[in-house]
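**Q** give the three-dimensional model of this entry:
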Amino acid sequence: MFLGDNQVAIAAVAAGAETICQISNDISDTQHIIKGPRDFATQADITSKKEIIAIIKHKRPQDDIVAEESGLHTAAIRSNTQQWLVDPLCGTVNYAAHTQDVAVNVALQDAESGKILSAAVAHPFSGKIFWTDAVSAHIRKSGTDYMLTQQRPSPGLPLAKVAAGKRAAYISEGDIKDNVHYASGIAICQSAGCVVTGIDGQPLHTGAGGLLITEDQPTHAALLAILKDISS
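**A** Okay, the predicted model is just below:
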């Protein structure tokens, strides 16, 4: 059965989330797999990644995949310029500490323009999936999709919480362009009508970089003034 891009993204994060839930009670799973200085993964990261990549390769064999744990997976038969950005377990440190503030992120990107075409964020332990078709934002609960607005409170990761009206804002420094950690959440916030800019208020992915997302324009203006005052 052919699945649209949105459904591929949803199926991928759902598979990753299910894997994480299934093995979360295995204490050995939180043992660190060292990736570099001050950076590690767990078996949940690796297993979730394998499940996600298997789905994308099956449903979109012509697309490249960029995964946090393994980098670029070039399509066997490359026929377009789309690529999937995969973060199989966002919040590994939280997961290793046996907390549930984690997520699975998958986004489909136009590799030439950098535009996110579809994205999904799954919160494994609540069963909720946030997703967007780059036009509107939704939350899937118990198999049913609801339009996501800033008046609908819901648990999830920080960016999704801003989109859902649970948090007023989110701020991050550094270059976040094409970042597997942020791509899905940014797309959901944009589709939900949040104010999304770089950390200095400039268009996203320009200037100083960084990220400033707020639920409305007054909050954005207030935080931007505070940030400018701190840096002056």
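
**Q** from here on, contacts and neighbour counts on C-alpha atoms
**A** OK.

**Q** where in the protein is the helix or strand with the lowest mean pLDDT?
**A** strand 33-36 (a mean of 55; mean pLDDT, DSSP states H and E).

**Q** who does the top helix by length along the chain touch, helix- and strand-wise?
**A** Secondary structure assigned by DSSP state H gives helix 5-23 as the longest helix of the chain. Contact partners of helix 5-23 among helices and strands, from 3 or more CA pairs under 8 Å, 6 or more residues apart in numbering; DSSP states H and E: helix 43-59, strand 103-110, strand 116-123, strand 128-132.

**Q** wait, I116 sits on V106?
**A** No. Counting by CA atoms under 8 Å, I116 stays clear of V106, with 10.4 Å between them.

**Q** need the overlap of contacts for these two.
**A** Between them, I116 and V106 share these contacting residues under CA atoms under 8 Å, 6 or more residues apart in numbering: 183-184.

**Q** more crowded one of those two?
**A** Set side by side, I116 and V106 show unequal neighbour counts under other CA atoms under 10 Å, the larger going to V106 at 32 against 24.

**Q** these two touch, right, the more buried one and L85?
**A** Yes. Distance between V106 and L85: 5.7 Å, which falls inside the contact criterion (CA under 8 Å).

**Q** picking that back up, ok, residues contacting the longest helix of the chain?
**A** The set of residues external to helix 5-23 that reach it, using CA under 8 Å, 6+ apart, is 29, 44, 47-49, 51-53, 55-56, 59, 88, 103-108, 118-125, 129, 131-133.

**Q** quick one: distance of that helix to the chain centre.
**A** Centroid separation for helix 5-23 versus its chain: 12 Å, with CA atoms, centre = their mean, to the nearest Å.

**Q** which of the residues in that helix are buried?
**A** By neighbour count on 16 or more other CA atoms under 10 Å, the buried set for helix 5-23 is 5-20.

**Q** show me where this protein dips below the pLDDT cut-off.
**A** Across the chain, the stretches falling below the confidence threshold (pLDDT under 70) are 1, 25-41, 69-71, 75-79, 149-157, 232.

**Q** what about 50?
**A** 151-156 (pLDDT under 50).

**Q** in JSON lines, list the helices and strands packed on helix 5-23 along with distance to T197.
**A** Putting the helices and strands packed on helix 5-23 into JSON lines (distance: least, CA to CA, whole Å) gives the following:
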{"stretch": "helix 43-59", "distance to T197": "29"}
{"stretch": "strand 103-110", "distance to T197": "19"}
{"stretch": "strand 116-123", "distance to T197": "15"}
{"stretch": "strand 128-132", "distance to T197": "18"}
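
**Q** looking at those, which is closest to E173?
**A** Distances from E173 to each of those were compared using CA to CA; the shortest belongs to strand 103-110, at 19.6 Å.

**Q** elements contacting the closest one?
**A** Going by 3+ CA pairs under 8 Å, 6+ apart, strand 103-110 lies up against helix 5-23, strand 82-90, strand 116-123, helix 183-191.

**Q** buried stuff in the helix or strand that the second one is followed by?
**A** Read that as strand 82-90. Using DSSP states H and E, the helix or strand that follows strand 82-90 in sequence is helix 92-96. Neighbour counts using 16+ other CA under 10 Å place 92-93, 95-96 of helix 92-96 among the buried residues.

**Q** and what of stretch 100-113?
**A** Judged by neighbour count using 16+ other CA under 10 Å, the buried positions of stretch 100-113 are 100-109.

**Q** list of residues touching it?
**A** Defining contact as CA under 8 Å, 6+ apart, one finds that stretch 100-113 is touched by 5, 9, 12-13, 16-17, 81-92, 94-95, 115-125, 156-157, 180-181, 183-185.
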